[in-house]
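Asks: model this:
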Amino acid sequence: MITGPTAQTTEPETYKALHADATALLEGWQPTSPDAASARDRTLALLAAGPVAMSRQHRPGHVTASALVLDSTGSRVLLCLHVKFGRWVQLGGHCEPVDQTLVAAALREATEESGIAGLRIDPVPIDVDVHQVQCQGGSAHHDVRFAVIAPPSAVEQVSDEAEELGWFPPDQLPEPLAGGTVQLVAPALAALRRSPLRLAP
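Replies: Take a look at the predicted model:
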(Lines give C-alpha, C1' and ligand atoms only; values in the text may rest on other atoms or scores of the structure.)
Protein backbone atom coordinates (compact mmCIF):
# COMPACT_ATOMS: atom_id res chain seq x y z
CA MET A 1 0.00 0.00 0.00
CA ILE A 2 1.12 3.56 -0.62
CA THR A 3 1.81 5.53 2.53
CA GLY A 4 2.66 9.12 3.33
CA PRO A 5 1.32 12.35 1.84
CA THR A 6 0.77 10.94 -1.65
CA ALA A 7 -1.74 8.39 -0.39
CA GLN A 8 -3.73 11.04 1.47
CA THR A 9 -3.89 13.69 -1.22
CA THR A 10 -7.25 15.39 -1.58
CA GLU A 11 -6.37 17.25 -4.79
CA PRO A 12 -9.18 16.30 -7.20
CA GLU A 13 -6.97 16.62 -10.29
CA THR A 14 -4.89 13.72 -8.96
CA TYR A 15 -7.79 11.40 -9.79
CA LYS A 16 -8.86 12.99 -13.09
CA ALA A 17 -7.79 10.12 -15.36
CA LEU A 18 -9.15 7.48 -12.97
CA HIS A 19 -12.47 9.32 -12.69
CA ALA A 20 -12.81 9.48 -16.46
CA ASP A 21 -12.04 5.78 -16.76
CA ALA A 22 -14.53 4.80 -14.04
CA THR A 23 -17.27 6.89 -15.61
CA ALA A 24 -16.73 5.45 -19.09
CA LEU A 25 -16.43 1.90 -17.78
CA LEU A 26 -19.67 2.01 -15.81
CA GLU A 27 -21.62 3.87 -18.49
CA GLY A 28 -20.77 1.10 -20.96
CA TRP A 29 -21.19 -1.82 -18.58
CA GLN A 30 -24.01 -4.38 -18.80
CA PRO A 31 -24.96 -5.12 -15.15
CA THR A 32 -24.89 -8.73 -14.00
CA SER A 33 -27.95 -8.45 -11.73
CA PRO A 34 -30.73 -6.00 -10.76
CA ASP A 35 -28.86 -5.13 -7.56
CA ALA A 36 -25.70 -4.46 -9.57
CA ALA A 37 -27.67 -2.23 -11.94
CA SER A 38 -28.99 -0.17 -9.02
CA ALA A 39 -25.50 0.09 -7.51
CA ARG A 40 -24.07 1.10 -10.90
CA ASP A 41 -26.62 3.92 -11.19
CA ARG A 42 -25.85 5.11 -7.64
CA THR A 43 -22.14 5.05 -8.43
CA LEU A 44 -22.58 7.07 -11.62
CA ALA A 45 -24.56 9.62 -9.57
CA LEU A 46 -21.67 9.76 -7.10
CA LEU A 47 -19.18 10.25 -9.95
CA ALA A 48 -21.10 13.36 -10.99
CA ALA A 49 -19.29 15.05 -8.06
CA GLY A 50 -16.10 14.88 -10.14
CA PRO A 51 -12.66 13.30 -9.56
CA VAL A 52 -12.91 13.80 -5.79
CA ALA A 53 -15.37 10.86 -5.74
CA MET A 54 -12.39 8.56 -6.32
CA SER A 55 -10.67 9.69 -3.10
CA ARG A 56 -11.13 8.11 0.30
CA GLN A 57 -11.37 11.66 1.66
CA HIS A 58 -14.78 12.14 -0.02
CA ARG A 59 -17.13 11.74 2.92
CA PRO A 60 -20.40 11.11 0.99
CA GLY A 61 -18.78 8.07 -0.61
CA HIS A 62 -15.95 6.98 -2.87
CA VAL A 63 -15.26 4.40 -5.55
CA THR A 64 -13.18 1.36 -4.57
CA ALA A 65 -11.97 -1.64 -6.58
CA SER A 66 -11.87 -5.30 -5.62
CA ALA A 67 -11.23 -8.69 -7.17
CA LEU A 68 -12.36 -12.26 -6.74
CA VAL A 69 -9.23 -14.29 -7.44
CA LEU A 70 -9.79 -17.71 -9.00
CA ASP A 71 -7.27 -20.44 -9.66
CA SER A 72 -6.60 -21.23 -13.32
CA THR A 73 -9.21 -24.02 -13.39
CA GLY A 74 -12.00 -22.16 -11.60
CA SER A 75 -12.16 -24.84 -8.92
CA ARG A 76 -11.06 -22.55 -6.07
CA VAL A 77 -11.38 -18.91 -5.04
CA LEU A 78 -8.92 -17.00 -2.86
CA LEU A 79 -10.35 -15.06 0.08
CA CYS A 80 -8.78 -13.17 2.97
CA LEU A 81 -9.86 -13.08 6.60
CA HIS A 82 -9.76 -9.32 6.98
CA VAL A 83 -7.97 -7.91 10.02
CA LYS A 84 -10.32 -4.98 10.61
CA PHE A 85 -13.73 -6.61 10.37
CA GLY A 86 -13.00 -10.28 10.96
CA ARG A 87 -14.81 -11.71 7.96
CA TRP A 88 -13.73 -13.57 4.86
CA VAL A 89 -13.87 -11.28 1.85
CA GLN A 90 -12.50 -10.84 -1.67
CA LEU A 91 -9.30 -8.81 -2.10
CA GLY A 92 -9.51 -5.08 -2.77
CA GLY A 93 -9.56 -1.59 -1.36
CA HIS A 94 -9.16 2.10 -1.99
CA CYS A 95 -8.01 3.65 -5.23
CA GLU A 96 -4.64 5.40 -5.03
CA PRO A 97 -3.15 8.35 -6.95
CA VAL A 98 -0.96 5.94 -8.94
CA ASP A 99 -4.01 4.19 -10.42
CA GLN A 100 -4.99 5.34 -13.91
CA THR A 101 -7.85 2.86 -14.36
CA LEU A 102 -10.19 0.85 -12.14
CA VAL A 103 -8.83 -2.35 -13.69
CA ALA A 104 -5.31 -1.28 -12.64
CA ALA A 105 -6.53 -0.46 -9.12
CA ALA A 106 -8.19 -3.86 -8.71
CA LEU A 107 -5.15 -5.71 -10.06
CA ARG A 108 -2.79 -3.73 -7.81
CA GLU A 109 -4.91 -4.50 -4.74
CA ALA A 110 -5.17 -8.19 -5.63
CA THR A 111 -1.41 -8.43 -6.16
CA GLU A 112 -0.56 -6.55 -2.95
CA GLU A 113 -2.97 -8.51 -0.78
CA SER A 114 -2.27 -11.97 -2.24
CA GLY A 115 1.48 -11.68 -2.81
CA ILE A 116 0.95 -13.58 -6.09
CA ALA A 117 2.88 -12.48 -9.17
CA GLY A 118 1.43 -12.91 -12.64
CA LEU A 119 -2.25 -12.36 -11.86
CA ARG A 120 -4.44 -11.65 -14.87
CA ILE A 121 -7.64 -9.62 -14.79
CA ASP A 122 -10.77 -9.67 -16.90
CA PRO A 123 -11.40 -5.95 -17.66
CA VAL A 124 -15.19 -6.32 -17.59
CA PRO A 125 -16.65 -5.81 -14.08
CA ILE A 126 -18.54 -8.73 -12.56
CA ASP A 127 -20.45 -6.67 -9.96
CA VAL A 128 -20.92 -3.25 -8.38
CA ASP A 129 -21.92 -3.00 -4.73
CA VAL A 130 -22.57 -0.02 -2.44
CA HIS A 131 -22.14 -0.52 1.31
CA GLN A 132 -21.58 1.60 4.38
CA VAL A 133 -18.11 1.74 5.95
CA GLN A 134 -16.35 3.59 8.77
CA CYS A 135 -13.99 5.62 6.53
CA GLN A 136 -13.82 9.27 7.58
CA GLY A 137 -16.15 8.52 10.48
CA GLY A 138 -18.82 7.06 8.20
CA SER A 139 -18.96 6.86 4.41
CA ALA A 140 -19.92 4.48 1.60
CA HIS A 141 -17.81 2.28 -0.63
CA HIS A 142 -19.02 2.10 -4.21
CA ASP A 143 -17.10 -1.07 -4.98
CA VAL A 144 -16.47 -2.15 -8.57
CA ARG A 145 -15.55 -5.83 -8.64
CA PHE A 146 -13.53 -7.84 -11.19
CA ALA A 147 -12.53 -11.46 -11.81
CA VAL A 148 -8.81 -12.17 -11.50
CA ILE A 149 -7.10 -15.39 -12.57
CA ALA A 150 -4.04 -16.77 -10.79
CA PRO A 151 -1.30 -18.72 -12.57
CA PRO A 152 -1.10 -22.49 -11.92
CA SER A 153 2.01 -22.05 -9.78
CA ALA A 154 0.48 -19.38 -7.54
CA VAL A 155 1.67 -19.29 -3.93
CA GLU A 156 -0.10 -16.74 -1.76
CA GLN A 157 1.54 -14.62 0.95
CA VAL A 158 -0.45 -13.02 3.76
CA SER A 159 -0.31 -9.21 3.81
CA ASP A 160 -0.71 -6.84 6.76
CA GLU A 161 -4.43 -6.45 5.95
CA ALA A 162 -5.26 -10.12 6.39
CA GLU A 163 -5.18 -12.50 9.31
CA GLU A 164 -5.23 -15.39 6.87
CA LEU A 165 -5.57 -16.23 3.17
CA GLY A 166 -7.33 -19.36 1.98
CA TRP A 167 -8.42 -21.16 -1.19
CA PHE A 168 -11.98 -22.49 -1.14
CA PRO A 169 -14.28 -24.35 -3.54
CA PRO A 170 -16.84 -21.87 -4.94
CA ASP A 171 -19.71 -23.79 -3.35
CA GLN A 172 -17.99 -24.15 0.07
CA LEU A 173 -17.09 -20.61 1.10
CA PRO A 174 -15.95 -20.06 4.70
CA GLU A 175 -17.76 -18.39 7.58
CA PRO A 176 -18.06 -15.70 8.71
CA LEU A 177 -18.34 -14.38 5.14
CA ALA A 178 -18.69 -10.72 4.14
CA GLY A 179 -22.16 -9.93 2.85
CA GLY A 180 -21.35 -9.09 -0.76
CA THR A 181 -18.82 -11.82 -1.50
CA VAL A 182 -21.00 -14.82 -2.38
CA GLN A 183 -22.71 -12.87 -5.18
CA LEU A 184 -19.37 -12.63 -7.01
CA VAL A 185 -18.91 -16.35 -7.57
CA ALA A 186 -21.32 -16.96 -10.46
CA PRO A 187 -20.30 -13.92 -12.56
CA ALA A 188 -16.61 -14.59 -11.84
CA LEU A 189 -16.89 -18.18 -13.08
CA ALA A 190 -18.75 -16.91 -16.15
CA ALA A 191 -15.91 -14.45 -16.76
CA LEU A 192 -13.37 -17.26 -16.48
CA ARG A 193 -15.24 -19.27 -19.11
CA ARG A 194 -15.44 -16.40 -21.60
CA SER A 195 -12.17 -14.60 -20.91
CA PRO A 196 -9.18 -14.83 -23.26
CA LEU A 197 -7.12 -14.51 -20.05
CA ARG A 198 -7.93 -18.09 -19.07
CA LEU A 199 -4.79 -20.18 -18.85
CA ALA A 200 -4.56 -23.53 -20.62
CA PRO A 201 -4.87 -26.63 -18.35
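
Asks: in stretch 106-116, what's buried?
Replies: Ala106, Leu107, Arg108, Glu109, Ala110, Thr111, Glu112, Glu113, Ser114, Ile116 (16 or more other CB atoms under 10 Å). Backbone N, C-alpha and C define where each C-beta goes, glycine included.

Asks: Looking at those, which are in strands?
Replies: Of the buried residues of stretch 106-116, none are assigned to strands by DSSP state E.

Asks: Low-confidence regions, the protein specifically.
Replies: 1-12, 196-201 (pLDDT under 70).

Asks: The strand ranked longest in it pairs with which strands?
Replies: Secondary structure of the chain per DSSP E: the longest strand is strand 139-149. Here strand 139-149 is paired, per DSSP bridges, with strand 62-70 (parallel), strand 120-121 (antiparallel), strand 127-133 (antiparallel).

Asks: Could you save these as a markdown table and add columns showing mean neighbour count and distance to Ala49?
Replies: Shown next, in a markdown table, are the strands paired with strand 139-149 (neighbours: other CB atoms under 10 Å; distance: least, CB to CB, whole Å):
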| stretch | mean neighbour count | distance to Ala49 |
| --- | --- | --- |
| strand 62-70 | 27 | 10 |
| strand 120-121 | 18 | 27 |
| strand 127-133 | 19 | 15 |
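
Asks: Kindly reformat those strands as a markdown table containing distance to Glu13.
Replies: Below are those laid out as a markdown table (distance: least, CB to CB, whole Å):
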| stretch | distance to Glu13 |
| --- | --- |
| strand 62-70 | 16 |
| strand 120-121 | 26 |
| strand 127-133 | 25 |
